[in-house]
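Novice: Predicted model and sequence below, questions to follow.
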Amino acid sequence: MRKHLAAACVIAILPAVAQAAWVAISSDAGKRVEIDPSSVRKEEGAKLVVLGRIFFDKELTDPRTNGPYKSIEALTRYDCANRTYVTLKRTWRSVDGELLREEEVRSGSEMPVRTGSLDDKMLREVCRPRTPGDQQAAASKLVDKANAAATDLRKANEAMLQKEAQKGVKNAALATPAKEAAAPAPGPAAATAAAAPVVRAPAPRPRPVRRPAPETTHDAVRQHAHIHWDYEGEGRPDNWGKLKSEYATCASGKRQSPIDIRDGIRVDQPAIDFAWRPSQFRIVDNGHTVQAGVSGSSISLLGKQYELLQFHFHRPAEERINGRGFEMVAHFVHRAEDGRLAVVAVLMESGAENPFIQTLWNHLPLEKHQEVSPPTTMIDPSGFLPADRGYYSYMGSLTTPPCTEDVLWLVMKQPVQVSAEQIAIFSRLYRNNARPVQPGFGRLIKESR
């Protein structure tokens, strides 16, 4: 049986090694940038298309799907003559390489490659001359590596089996003197019997005593496996950490959101550079909130750019400001190239009708999980921002499972107005979809002066 298992392990390891065609271009804290040299293909002129990826040291959470991913692959076209590039497609994959999500990049604008940048390293690697001999040598190296790994594994399994066999022989040898010491003095009959060969069975091994395992969080997870996370009932927020093992941070994390924002230090915070642009949009009722997606919008803060992925709504507002609550809040979720998330929160209070909200409500889907993409209607998220761009900042988490931490929160100080009728429309869909405030644990909060 063990030999069969060892053979299965050898067979299983070969494909994994043979498929590892990624070559590292750059390595920083928390991530590694790689390309697949075998994917390079030539287009017109001096343009080459290559598959690259950013491979992260730990799993991150995709805000669109709430699924964990380990790498982001990008199909990119490089113009070797003009030193420009354009990304054609991005793909998010799990730790096992399974496809989580992919999106076509429709902008199609050529971007210049700055000397000394990461894109410069990528361009030089992609555009350098390649010969068939280079590719053959690389393939040969991969095969040698696979064979070496298989040989090492086979030797390890054989050594383990040999060790087990020697252990059984040693136990049998140790048992023999004990039996002979207990035997009576030999008589005539015993002398006759001694002439015949004696076959002794190995001493039986003591059976391990099985003790009941202590109850763990995995037991709680199994008990709640049939429950989906929600805001009420068995799936309510205080049970999120028990529903799935990947939701454990919801209960154990020390940097959870939302919080009651109070006792912040008043400083001159850098202005958020909002590059929110008019675009077409997609809107869906995903079963937890109304969510919309746009394209071509981003923010920049302290020289770091974050792409706007989606925005969604909560009622009442999840954040509190010095204990004060608000009617609703919109969370604009952004992501940087390194996978870090930044959420801009715009608080909402009852007042005048809001044109931005009305455009969204005009296109609410009739069914949950049914996405609507109006072909001729555009929205401009920048029109939803308050006149005063002052904000609070703190480090927190996603406010829905898996409650991933290390999220930068930027909460606008001035609320925007929406009409009572617009609030009532959302309330018919979601009367309460807000996570309660979480402990602050002494986090630093900054407030714009």
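Specialist: Cool, the structure landed. Computed from a prediction, not measured in an experiment: that's the story for all the values here.

Novice: Where does L366 sit, in terms of helix or strand?
Specialist: Under DSSP states H and E, no helix or strand contains L366.

Novice: And the helices in the stretch 201-350 of the chain, which stretches?
Specialist: Using DSSP state H, counting those that start in this stretch, the helices of the stretch 201-350 of the chain run over residues 217-223, 240-243, 249-252.

Novice: quick one: low-confidence parts of the protein?
Specialist: Applying pLDDT under 70 to the chain flags residues 1-20, 28-30, 63-64, 66, 105-118, 120, 129-226.

Novice: can you list the domain ranges for it.
Specialist: The chain breaks down into these domains under automatic domain parsing: 2-133, 217-252, 254-448.

Novice: export the ones you listed to CSV and tack on mean neighbour count?
Specialist: The way it works is simple: take the backbone N, C-alpha and C, and place the C-beta from them, glycine included. Compiled in CSV, these are given as follows (neighbours: other Cβ atoms under 10 Å):
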stretch, mean neighbour count
domain 2-133, 15
domain 217-252, 16
domain 254-448, 17
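
Novice: in the stretch 1-150 of the chain, which spans are strands?
Specialist: Ranges of strands within the stretch 1-150 of the chain are 23-28, 31-42, 47-61, 68-79, 84-93, 99-104, 111-112, based on DSSP state E, counting those that start in this stretch.

Novice: any chance of those strands in TSV, plus distance to L243?
Specialist: Converted to TSV, those look like this (distance: least, Cβ to Cβ, whole Å):
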stretch	distance to L243
strand 23-28	34
strand 31-42	30
strand 47-61	16
strand 68-79	15
strand 84-93	23
strand 99-104	20
strand 111-112	43
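
Novice: Out of those, which gets nearest to W240?
Specialist: Of all those, strand 47-61 sits nearest to W240, with 14.0 Å by Cβ to Cβ.

Novice: Can you give the strand pairings for the closest one, parallel or anti for each?
Specialist: Strand pairing for strand 47-61, using DSSP bridges, gives strand 31-42 (antiparallel), strand 68-79 (antiparallel).

Novice: For the ones you listed, please prepare TSV with the additional fields distance to E307.
Specialist: Output for the strands paired with strand 47-61, formatted as TSV (distance: least, Cβ to Cβ, whole Å):
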stretch	distance to E307
strand 31-42	17
strand 68-79	12
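
Novice: Quick one, which of the ones you listed gets closest to F441.
Specialist: strand 68-79 (24.3 Å).

Novice: And the contacts of that closest one?
Specialist: With Cβ atoms under 8 Å, 6 or more residues apart in numbering as the test, strand 68-79 has contacts from 43, 45-56, 59-62, 84-95, 100-101, 110, 113, 122-123, 126-127, 246, 339, 402.

Novice: Any chance you could give me that strand in PDB, C-alpha atoms only?
Specialist: Taking Å, rounded to 0.1, in the frame of the first residue of the first chain, the C-alpha atoms of strand 68-79 are listed here in PDB:
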ATOM      1  CA  PRO A  68      -9.200  35.000  -2.100                       C
ATOM      2  CA  TYR A  69      -6.500  35.300  -4.800                       C
ATOM      3  CA  LYS A  70      -2.800  34.700  -4.800                       C
ATOM      4  CA  SER A  71      -1.800  36.200  -8.200                       C
ATOM      5  CA  ILE A  72      -2.800  38.700 -10.800                       C
ATOM      6  CA  GLU A  73      -1.900  37.800 -14.400                       C
ATOM      7  CA  ALA A  74      -1.700  40.500 -17.100                       C
ATOM      8  CA  LEU A  75      -1.500  40.000 -20.800                       C
ATOM      9  CA  THR A  76       0.500  43.000 -22.100                       C
ATOM     10  CA  ARG A  77       1.700  44.200 -25.500                       C
ATOM     11  CA  TYR A  78       5.100  45.900 -25.600                       C
ATOM     12  CA  ASP A  79       6.300  48.100 -28.400                       C
END
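
Novice: Could you export the host helix or strand of R428 as CSV, keeping only the C-alpha atoms?
Specialist: R428 belongs to helix 420-429 when assigned by DSSP H and E. Below are the C-alpha coordinates for helix 420-429, written out as CSV (Å, rounded to 0.1, in the frame of the first residue of the first chain):
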residue,chain,number,x,y,z
ALA,A,420,-36.2,60.9,2.0
GLU,A,421,-37.8,59.2,-1.0
GLN,A,422,-34.4,58.0,-2.3
ILE,A,423,-33.6,56.6,1.2
ALA,A,424,-37.0,54.9,1.4
ILE,A,425,-36.4,53.2,-2.0
PHE,A,426,-33.2,51.6,-0.7
SER,A,427,-34.9,50.7,2.6
ARG,A,428,-37.4,48.6,0.7
LEU,A,429,-34.6,46.5,-0.5
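
Novice: Now do the same contact list for the residue nearest to L301 when sequence neighbours are not counted.
Specialist: Among residues not flanking L301 along the chain, I272 sits closest, at 5.5 Å (Cβ to Cβ, 6 or more residues apart in numbering). The contact partners of I272, by Cβ under 8 Å, 6+ apart, come to 299-301, 344, 389, 391, 410.

Novice: From these, pick the one nearest G351.
Specialist: R389 (19.2 Å).

Novice: re earlier: so which of the strands paired with strand 47-61 is nearest D238?
Specialist: Counting by Cβ to Cβ, D238 lies closest to strand 68-79 out of those; the figure is 22.9 Å.

Novice: isn't R282 right up against S373?
Specialist: Yes. Counting by Cβ atoms under 8 Å, S373 is a contact partner of R282 at 4.8 Å.
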